[in-house]
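Visitor: Turn this into a structure:
(one chain, ligands or ions: 2)
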Amino acid sequence: MNLARPLILGIETSCDDTGCSVVDGTGRVLSSVVSSQLSVHRPFGGVVPEIASREHLSNWPAVSREALEAAHIAMWDIDAVAVTRGPGLVGCLLVGMSIGRAIAHGLGRRFHGVHHLEGHIYSPFLSARGEPAERAPERFHALVVSGGHTSLLEVERADVFSMVETRDDAFGEVFDKVGKRLGLPYPQGPKVDELAERGTASKVMFRVPAVKQRQALYFSYSGLKSQALREIQTLEHRGVLTGEAISYDRPDEIPQPVLDLLASFRYSAVRQLLDRLRRHQDRRSIRTLAVSGGAAANRLLRRELIRWAEEARVNLRLVPLVYSGDNAAMIAFAALMRGLYGKSDDPSHLQVASRIPFV
Ligand code: KG4
Ligand code: ZN
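Guide: Ligands and ions are numbered 1, 2, ... in the order given. Next comes the predicted model:
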């Protein structure tokens with residue numbers, strides 16, 4: 001295979017996944033390796049930042065070796081290095097940044113610091129079959145749904161503008177918290193989604209927060225979370241739940257009212273996303289919507305988005321499931337897209353931060 005230059009080494013260490021990837025100049029993913037730290041953090045019920053930083057450091061040699069071997073290249077074949085510089089856990093970001101800068105400096109290659117969300121934003125255009133990436137339109141909308149973000153953004157020639165953000169909790173985060181209350185193991189989001197598939201959603205159980213006509217649009221998920229937690233308590237009082245963790249290993253034993261509750265919760269969470277998309281569509285036109293982030297794996301969300309896009313005649317690009325969670329291919333590809341529109345890196349890109357603006 002002819003490799004199109006530049007070959008970009010991507011590094012992603014913003015949270016609990018250690019990612020290394022090689023992407024070529026057409027956006028073809030030559031390799032993408034993600035080492036998950038799930039088992040290390042599971043006993044704590046969530047990510048422990050200091051443990052995550054240390055794990056990145058010890059995982060890196062094996063992860064990078066595997067990525068280079070799978071791409072059939074050596075480190076000196078790389079033309080540029082792209083690293084997530086934030087937002088994320090600062091200790092974790094520093095590990096990736098230090099490794100990336102050392103490689104770029106040692107080999108005399110270009111270095112790019114990439115905003116984590118920019119990585120997600122372009123990920124729906126990546127091919128899961130090892131083909132060149134699809135060309136993203138000059139202007140498109142992006143919906144990023146993850147454990148840390150629920151954002152509707154507008155992208156124009158690689159400039160990113162935030163349109164609708166969550167005022168409180170993120171979409172994936174509330175799935176995690178509701179699942180945790182039921183005693184499900186971390187990350188709870190995919191498990192809540194799976195159990196919700198077996199329940200029947202009641203349309204009246206949870207409200208979607210209303211947005212007034214002229215008000216700026218926003219997402220809000222903390223009310224839904226509190227309502228769901230109260231409903232779980234009610235099931236405990238009624239003796240449907242014992243207060244013990246529900247057994248995910250024996251899903252057939254989970255009482256039907258619990259499955260129905262999760263289905264209603266999920267329905268409401270997804271309905272809010274669709275409601276805001278419709279309202280935004282009424283105010284400004286969405287032609288292409290690129291949907292990404294770990295929670296873009298949500299089954300109901302994918303089904304509802306496909307239905308809406310058909311009705312609204314929107315060109316929907318759903319991230320391939322292999323690139324929905326955090327990975328380094330999306331970071332390398334975002335660096336490529338920034339380069340395409342002449343967005344140069346400034347010295348601040350050499351810094352990491354838990355919160356950073358788009359530049
Ligand atoms: O993008 P990601 O890997 O990490 C962040 O940047 O947050 O997203 C992980 C989040 C977690 O909150 C996880 O529970 C959630 O995405 N998630 C889901 C599903 N799969 C992952 N939430 C709801 N339904 C799913 N199927
Ligand atoms: Zn992410």
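Visitor: Ligand 1 contacts on the stretch 201-350 of the chain?
Guide: 293-295, 297-298, 325-326 (Cβ under 6 Å from any ligand atom). Every residue, glycine included, has its C-beta placed from N, CA and C.
Visitor: which two of these lie the greatest distance from each other?
Guide: Spatial extent of those (Cβ to Cβ) is set by the pair Asn298 and Asp326 at 16.1 Å.
Visitor: For Phe171, the count of nearby residues, please.
Guide: Neighbourhood size, Phe171 [other Cβ atoms under 10 Å]: 30.
Visitor: and the gap between it and Leu143?
Guide: 10 Å (Cβ to Cβ, to the nearest Å).
Visitor: tell me, what's touching the two both at once?
Guide: The contact sets of Phe171 and Leu143 overlap at Leu273 (Cβ atoms under 8 Å, 6 or more residues apart in numbering).
Visitor: if we can go back for a sec, would you list the residues of the stretch 201-350 of the chain next to ligand 1 in a markdown table and tack on pLDDT, neighbour count and secondary structure?
Guide: Formatted as a markdown table, those follow (pLDDT from 0 to 100; neighbours: other Cβ atoms under 10 Å; DSSP: H, G, I helix; E, B strand; the rest coil):
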| residue | pLDDT | neighbour count | secondary structure |
| --- | --- | --- | --- |
| Gly293 | 97 | 28 | coil |
| Gly294 | 96 | 25 | helix |
| Ala295 | 98 | 29 | helix |
| Ala297 | 98 | 18 | helix |
| Asn298 | 98 | 26 | coil |
| Gly325 | 96 | 25 | coil |
| Asp326 | 96 | 27 | coil |
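Visitor: Tell me the one of these nearest ligand 2?
Guide: Asp326 (4.4 Å; Cβ to the ion).
Visitor: ok, now which ones touch that closest one?
Guide: When contacts are counted by Cβ under 8 Å, 6+ apart, Asp326 is found next to 12, 14-15, 17, 19, 34, 116, 294.
Visitor: Between which two of the residues you listed is the distance greatest?
Guide: Val34 and His116 (14.2 Å).
Visitor: which of these two has more neighbours?
Guide: Ranked by neighbour count (other Cβ under 10 Å), Val34 and His116 place His116 first, with 25 against 20.
Visitor: okay, the more buried one: pLDDT?
Guide: We have a pLDDT of 96 for His116.
Visitor: Tell me how far stretch 251-268 lies from the chain's centre.
Guide: Using Cα atoms, centre = their mean, to the nearest Å, the mean C-alpha position of stretch 251-268 is found 24 Å from that of the whole chain.
Visitor: what comes up buried for that stretch?
Guide: For stretch 251-268, a neighbour-count test (16 or more other Cβ atoms under 10 Å) marks 254, 258-268 as buried.
Visitor: Ligand 1 contacts on the stretch 51-200 of the chain?
Guide: By Cβ under 6 Å from any ligand atom, the residues of the stretch 51-200 of the chain that approach ligand 1 are 146-148, 172-173, 175-176, 187-190, 193.
Visitor: Return the subset of those residues lying in strands.
Guide: Assigned to strands by DSSP state E, none of those qualify.
Visitor: Most neighbours out of the residues you listed, which is it?
Guide: Tallying neighbours with other Cβ under 10 Å puts Phe175 at the head of these, with 32 neighbours.
Visitor: how about stretch 334-344: buried residues?
Guide: 334-339, 343.
Visitor: could I have it exported to CSV, CA atoms only?
Guide: Provided in CSV are the C-alpha atoms of stretch 334-344 (Å, rounded to 0.1, in the frame of the first residue of the first chain):
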residue,chain,number,x,y,z
ALA,A,334,-8.0,16.4,13.8
ALA,A,335,-4.4,17.6,13.4
LEU,A,336,-4.6,16.7,9.7
MET,A,337,-7.9,18.6,9.3
ARG,A,338,-6.5,21.7,11.1
GLY,A,339,-3.5,21.6,8.8
LEU,A,340,-5.8,21.4,5.7
TYR,A,341,-7.3,24.8,6.6
GLY,A,342,-4.0,26.3,7.5
LYS,A,343,-4.6,26.4,11.2
SER,A,344,-1.2,26.7,12.7
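Visitor: Quick check: Arg85 touching Arg355?
Guide: No - applying Cβ atoms under 8 Å as the test, Arg85 and Arg355 come out as separate, 11.4 Å apart.
Visitor: And stretch 170-189, end to end?
Guide: 12 Å (Cα to Cα, to the nearest Å).
Visitor: Give me the residues contacting that stretch.
Guide: When contacts are defined by Cβ under 8 Å, 6+ apart, stretch 170-189 is touched by residues 38, 41-42, 45-46, 145-150, 169, 191-193, 219, 221-222, 224-225, 228-229, 232, 241, 244-246, 248, 258, 262, 265-266, 269, 273, 293-295, 298.
Visitor: let's see it at 7 Å
Guide: Surrounding stretch 170-189, the residues in contact under the criterion Cβ atoms under 7 Å, 6 or more residues apart in numbering are 41-42, 45-46, 145-150, 191-193, 221, 224-225, 228-229, 232, 244-246, 248, 265, 269, 273, 294-295.
Visitor: Repeat that for stretch 202-217.
Guide: Contact partners of stretch 202-217, identified using Cβ under 7 Å, 6+ apart, comprise 164, 218, 220, 223-224, 227, 260, 264-265, 268, 271-272, 275-276, 279-280.
Visitor: Pull out the buried residues from stretch 61-80.
Guide: Buried, per 16+ other Cβ under 10 Å, within stretch 61-80: 63-64, 67-68, 70-71, 73, 78, 80.
Visitor: So which of those is the closest to Ile286?
Guide: Ala80 (32.3 Å).
Visitor: So for Arg85 and Arg355, which sits in the more crowded spot?
Guide: Between Arg85 and Arg355, Arg85 has the larger neighbour count (other Cβ under 10 Å), namely 26 against 7.
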